[in-house]
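Student: Below are the sequence and a predicted model; questions follow.
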Amino acid sequence: MTAQLIANAGLEEIYDTLALAIDAAPSDTRELLLAKVALLLAHEIQNPQRVIDLIRQAAQSAQR
């Protein structure tokens with residue numbers, strides 16, 4: 001299995017886990033859940049500018 005296939009499989013698992021967490025959260029707390037996930041990941045990455053860039057990238061792709 002190539003590194004790209006492994007990376008894609010990991011992304012699919014992350015997507016599935018996130019989608020299930022969003023579906024399980026009460027509708028009025030879903031935005032809070034996503035904000036908490038973003039902040040926890042930002043804490044792990046420890047590169048504020050990279051996190052900001054990724055948030056902007058996600059926002060742009062969501063508007064398409």
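Tutor: That came through fine. No experiment lies behind these values; they were computed from the predicted model shown.

Student: now the helices: where do they sit in the chain?
Tutor: Listed in chain order, the helices of the chain (DSSP state H) span 3-24, 30-45, 48-62.

Student: Same list (these) but as a markdown table, adding mean neighbour count and mean pLDDT.
Tutor: Just so you know, the C-beta spots here come from the backbone N, C-alpha and C atoms, and that holds for glycine as well. A markdown table is the format used below for these (neighbours: other C-beta atoms under 10 Å; pLDDT from 0 to 100):
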| stretch | mean neighbour count | mean pLDDT |
| --- | --- | --- |
| helix 3-24 | 10 | 89 |
| helix 30-45 | 12 | 97 |
| helix 48-62 | 11 | 95 |
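
Student: Next up, the contacts around residue 41.
Tutor: residue 51 (C-beta atoms under 8 Å, 6 or more residues apart in numbering).

Student: try 10 Å this time
Tutor: By C-beta atoms under 10 Å, 6 or more residues apart in numbering, residue 41 lies in contact with 51, 54.

Student: Equivalent analysis for residue 38, please.
Tutor: 51, 54-55, 58.

Student: so which pair among those is furthest apart in space?
Tutor: The distance between the two most remote of the contacts of residue 38 (C-beta to C-beta) is 10.6 Å, for 51 and 58.

Student: if I look at residue 43, how far off is residue 5?
Tutor: 29 Å (C-beta to C-beta, to the nearest Å).

Student: actually residue 36, not the one I typed
Tutor: Distance from residue 36 to residue 5, by C-beta to C-beta: 30 Å.

Student: same question, residue 22
Tutor: Counting by C-beta to C-beta - residue 22 and residue 5 are separated by 26 Å.
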